[in-house]
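> Okay, sequence plus prediction incoming.
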Amino acid sequence: MTHSPQYAQMDIGGYSHPILFPPAPVSCYSVGRAQQPHQKGKTPRGIETKAETMKTTVLALVAATTLAACGGGSSNYTTRGAYAPTQLYATGPLQRACLSQGRKAASSQRCGCVQAVADRELSSSQQKRGIKAFKDPHKLQVWRQSDRASDNAFWDVWKAFGQSAAKLCS
């Protein structure tokens, strides 16, 4: 689409001089459309004013910010900007043995945490042997003082497990 320059006559000091006006700017809204007359205070359909564009941009930013504040992310991130520790929980033989003994400090949460730590650090045979320790705590003393290498090895593993459980489940 080409536009021809427009000329006008201007009278300067009694002499008429032609003045060249550049072609009118073409906006993306007016290409291929006939300009429609509009009423005062109203813009033609399909043409946004700067204020409307700014309003749309601000609303889009507010919506994006709101969604970003709500979503995703780590579930253990606190509102104070620090990470809260993730609570461990599992079900299994040590968890059931812990709950069945009726100790004051035994709660579903604490015994579940002990089971989760046991799942990380103890084999299934060590967990089965540990159930005996829950039922009869004196057995731990016997195993600790035993001359058998297997009892001493179990005691070392159980002691490390107990320290980990105390640290993670208190």
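On my side now, so go ahead. The structure displayed is predicted, hence computed values, not measured ones.

> Could you use CA atoms for every contact and neighbour count after this?
Fine.

> So which residues of the protein form strands?
Here the chain has its strands, by DSSP state E, at 6-12, 15-21.

> got any ranges where the chain has weak pLDDT?
Within the chain, the segments meeting pLDDT under 70 span 1-48, 64-86.

> 90 - rerun?
Applying pLDDT under 90 to the chain flags residues 1-90, 98-107, 133-135, 137, 140, 169-170.

> what about residue 136, how many residues close to it?
Residues lying near residue 136 (other Cα atoms under 10 Å) number 11.

> got the buried residues for stretch 115-128?
115, 116, 117, 118, 119, 121, 122, 127 (16 or more other Cα atoms under 10 Å).

> Distance to residue 134 for those residues - can I get that in a markdown table?
Putting the buried residues of stretch 115-128 into a markdown table (distance: Cα to Cα, whole Å) gives the following:
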| residue | distance to residue 134 |
| --- | --- |
| 115 | 12 |
| 116 | 16 |
| 117 | 15 |
| 118 | 13 |
| 119 | 16 |
| 121 | 17 |
| 122 | 15 |
| 127 | 10 |
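
> of these, closest to residue 94?
For the buried residues of stretch 115-128, the minimum distance to residue 94 (Cα to Cα) is 5.6 Å, reached by residue 115.

> Please look at that closest one and residue 89 and confirm they touch.
Yes. With contact defined as Cα atoms under 8 Å, residue 115 counts as touching residue 89 (7.0 Å).

> on that earlier part again, go through the buried residues of stretch 115-128 and name the one nearest residue 100.
Nearest to residue 100 among the buried residues of stretch 115-128, counting by Cα to Cα, is residue 115 at 13.6 Å.
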